[in-house]
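[1] Next comes the sequence, and after it the predicted model I'd like to discuss.
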Amino acid sequence: MIRSRWLYTGPVIAILIGHYVVDTYSSVIPPLIGVVQQDFNMQPAGAALLLGIGAIFSGLSQPLFAWISDLTGTRIYGALGILLAALGIGLVGFSFNASILFAVYAIGMIGVGMFHPIATARIGAIAGNDRSFAISLFFVFGMAGFFTGALLGPVLTTGDGNLRNLAWLIVPGIAMAIFLQANINRPGSHSNPDRGQPAIPFRDYDWFSIGLLYASAVFRFFVNMAIIYLIVRWVEQHVAEWNPQWSLDRVADYSAPIAGVANAWMFVGQGLGGLLAGAVIPGGKEKLALIWTPILFAPFIMLIAFVPPGAMGYIACFFGGVGFAAMTPITISVGQRLMPGHTRLASGLLLGGAWTIAALGPGTAELLIQRYDLTTSIVVTGIVLIFAGLSVIGLNDRSVRRGLGSDINGDVTV
């Protein structure tokens, strides 16, 4: 049963809104990758590398700042992350060349990564036994941010706009960073106070099950990163076929809003899938869902290759998003229970640590396009999602049930 009192506390409200804001920044550039490629005279491989670099820096910063936060006993990296994200993404249009573009974008994505482990561990601790639902709600606010960014980026920069218009996004980021820092250290709820940790030595964690969860997360995030890139190429290919007389610049400019809509549909599927999973899957019973959700929805990823942008394409994007993202909050919740004394590290490992390897997704997708074709690249991406389900077959059920009913939190430092 979900006890909702923790929902209305200052830290939870600030964390949820903060997640919406920071993930808005993280989804601005992907649908614009064709525009960025043309503006900076980049090759397709360079554009894919840009997205990969973003994922690497976002991914590596999560376990790193989770560890630093645990050592220093501070949550300031949540607010600092939002600030860096706002500055990095907002200043993309002021880059003088591709090298500066890579550096500025990397700074923004480091900020995105910094925010997540601190915020995820804090909201999980406040919710106590409602951890899975709380992290699912946190996840939904992030997906709402992805949805907003996917649509907002093209609105600000295409047509009569340009990439410098992204600077308007800096001000709300500064305001949100201040709001989060003012609230994140306030008491969460009287029903779930921060408490000490169970005496489980670090070396005695079920590292085999943690490794399987990590592998599944890597596969799912790889699909996530690859399909974001492939959606842009999918739209551009169809737009070019419909308008063979158009220049590459015009194709990229026209395609960006369509790719943004396709990504938005995917983010809706991610958010609704994650919320439903967190609300209906009982604690300790997550294993079957972790196995079957990616397997059953993988065909929708493959379907994208065989339909044009439009109703069927958007439906495929929606259900594909469910397939690779619905289990993300469940994975984090189970991971926090498997690492009860290190929930920030668990969050950083299963989010950022997995994202780091998933950074290979866009580059691999582009290599498959060059070696074979777009259809093959999308189908292979769907097959990878099947492995996300198969990889957790050996998950230890007893470990999955660890910590249920005991209000384990692991976020005791201030």
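    Structure's in. What do you need? As the structure is a computational prediction, the values presented were derived from the model and not from experiment.
[2] how about the residue of the chain positioned farthest from its centre, phi and psi?
    The centre of the chain is farthest from one residue, residue 245, which by CA atoms, centre = their mean lies 37.0 Å away. When read as degrees, to the nearest 10, the backbone of residue 245 gives phi -90, psi -10.
[3] Also residue 27?
    The phi/psi pair for residue 27 (degrees, to the nearest 10) is phi -110, psi 10.
[4] now the residue lying closest to it once chain neighbours are set aside: how far from residue 252?
    Sequence neighbours aside, residue 149 is the residue nearest to residue 27 in space, at 3.4 Å (criterion: CB to CB, 6 or more residues apart in numbering). Using the backbone N, CA and C atoms, a C-beta is placed for each residue, glycine as well. Counting by CB to CB, to the nearest Å, the separation of residue 149 from residue 252 is 18 Å.
[5] okay, the two: which has more neighbours?
    residue 149 (28 against 25; other CB atoms under 10 Å).
[6] Could you pull up the contacting residues of that one?
    By CB atoms under 8 Å, 6 or more residues apart in numbering, residue 149 lies in contact with 23, 24, 25, 26, 27, 28.
[7] quick one: which of these sit in helices?
    Using DSSP state H, the subset of these located in helices is 23, 24, 25, 26.
[8] measure the third one to residue 145 for me?
    Spatial separation of residue 25 from residue 145 under the definition CB to CB is 8 Å.
[9] just the second one next, same as before
    With distances defined as CB to CB, the gap from residue 24 to residue 145 amounts to 4 Å.
[10] one step back: mind putting the ones in helices among the contacts of residue 149 into TSV with neighbour count?
    Output for the ones in helices among the contacts of residue 149, formatted as TSV (neighbours: other CB atoms under 10 Å):
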residue	neighbour count
23	24
24	27
25	32
26	24
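[11] Return the closest of those residues with respect to residue 282.
    Proximity of the ones in helices among the contacts of residue 149 to residue 282 was ranked by CB to CB; the top entry is residue 23 with 27.6 Å.
[12] quick one, what contacts the closest residue in space to that closest one that isn't next to it in sequence?
    Using CB to CB, 6+ apart and skipping residues adjacent in sequence, the residue nearest residue 23 is residue 145, 3.3 Å away. With contact taken as CB under 8 Å, 6+ apart, residue 145 is in contact with 19, 20, 21, 22, 23, 24, 25, 26, 27.
[13] Pick the one among these closest to residue 230.
    Nearest to residue 230 among those is residue 27, at 15.5 Å by CB to CB.
[14] Does that closest one touch residue 151 like I think?
    No. Assessed by CB atoms under 8 Å, residue 27 is found out of contact with residue 151, at 9.1 Å.
[15] So for these two, which residue has more residues nearby?
    When neighbours are counted by other CB under 10 Å, residue 27 and residue 151 differ, and residue 27 comes out ahead with 26 against 20.
[16] Pull the contacting residues for that one.
    By CB under 8 Å, 6+ apart, the neighbours of residue 27 are 145, 146, 147, 148, 149, 150, 153, 263, 267.
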